[in-house]
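K.L.:
Task: produce atomic coordinates for the following.
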Amino acid sequence: MASEHIKATIVYCSPGGSTLNVAQVIKKGLEGDAAEVTMVDLAAKKEPGAAGAGPEDGARILFVGSPVYGGHAIPPVMDWLAEVDGASFDYAVPFVTYGGVMSGVAIQEMAEVMEEKEMVVLGAAKIVGEHTMMWEVDDPLGKGCPGGAEDAMVANLVTTVLAKMNKGTADDLAVSPSVLRYQPEEIYEHHKTFNLALIKPQAPKRIVNEELCGECQVCAEHCPTDAITFAPYPEFGDDCIICYNCVKECPEKAIEVDMTPAHGYIRARATQFDEGAESKIYV
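P.N.:
Have a look, this model is predicted:
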């Protein structure tokens, strides 16, 4: 199968690294089929419309990836989708990573925005990764993921999507919205009101140890939303998505947090929703 005229753009935000891993597997699959690929990291390029599909010759496909926080794609991803010009792309594929608790309604919500912008959604994926709030435990949910099995699944998604593109532009190539609405109805009802904004006030609090802090600003370099300012020590703004990169990356361990209570809550939520650590593609 030849795909010399396919122009692909992969847009993602990956505080914990799992979404980046999936994006890289997608890139490898596309380039192996001779597609022209542009990667856009929203943690590095935050301006709306940072990704463009280039000239309008050839088929143009957009892959958009996000971790799932509070059952939804994170704000940088949804904000970018809200701003992007849908006319820049013919096709689209949303993909999410989640830490073994629940993939929520993220895929459906991303696909709905894409469809509103008249992109044909050809496929989607939910991929398990290690839960980013469990970095201190030996047995985090999603331990060892994504790995070889998940990479093979993503590669299959790319192959299938490219095969669809080569068949033409008919809307019947699209994934049915009902396929992407895979959660039980009570999950959708739950997430009409449950989101990251509700989680943040309950999340483990970070305390800056001023005696340890060297004001190196490494924490800000690793913040995917530019939410950290200094006066002169780190302060966390409203755009913070509680990824805790600032804690994990601080070279002086000056940003302190007790994650122990969160670990029990996370496991309880996984039991409550009973989705399991199951990666899956939708084509």
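K.L.:
So for residue 181, what's the nearest residue that isn't a sequence neighbour?
P.N.:
Of all residues not flanking residue 181 in the chain, residue 108 sits nearest, at 5.4 Å (CB to CB, 6 or more residues apart in numbering). All C-beta atoms are positioned from the backbone trio N, CA, C, and that covers glycine.
K.L.:
is it true that that neighbour touches residue 178?
P.N.:
No - applying CB atoms under 8 Å, one finds residue 108 not in contact with residue 178, separated by 9.9 Å.
K.L.:
So for those two, which sits in the more crowded spot?
P.N.:
residue 108 (21 against 8; other CB atoms under 10 Å).
K.L.:
list the contacts for that one?
P.N.:
177, 180-181, 183 (CB atoms under 8 Å, 6 or more residues apart in numbering).
K.L.:
Can you mark which positions in the host helix or strand of it are buried?
P.N.:
In this assignment (DSSP states H and E), residue 108 forms part of helix 106-116. By neighbour count with 16 or more other CB atoms under 10 Å, helix 106-116 contains the buried residues 106-115.
K.L.:
ok, what's across the strand from the residue nearest to the spatial centre of the chain?
P.N.:
Residue closest to the mean C-alpha point of the chain, counted by CA atoms, centre = their mean, is residue 66 at 1.0 Å. With DSSP bridges as the criterion, residue 66 is bridged to residue 96.
K.L.:
so how far is residue 87 from the nearest residue to residue 125 once chain neighbours are set aside?
P.N.:
In this structure, residue 125 finds its nearest non-sequential neighbour in residue 95, 4.2 Å apart by CB to CB, 6+ apart. Distance, residue 95 to residue 87, using CB to CB, to the nearest Å: 22 Å.
K.L.:
who's more crowded, the two?
P.N.:
Neighbours were counted for residue 95 and for residue 87 using other CB under 10 Å; residue 95 has more, 27 against 12.
K.L.:
Spit out the contact partners of the more buried one.
P.N.:
Residues counted as contacts of residue 95 (CB under 8 Å, 6+ apart) are 19, 22, 26, 63-66, 107, 124-127, 154, 157.
K.L.:
Let me know the distance separating it from residue 81.
P.N.:
The gap separating residue 95 from residue 81 is 13 Å, by CB to CB.
K.L.:
shared neighbours, those two?
P.N.:
In contact with both residue 95 and residue 81: residue 64, using CB under 8 Å, 6+ apart.
K.L.:
Cool, thanks, talk later.
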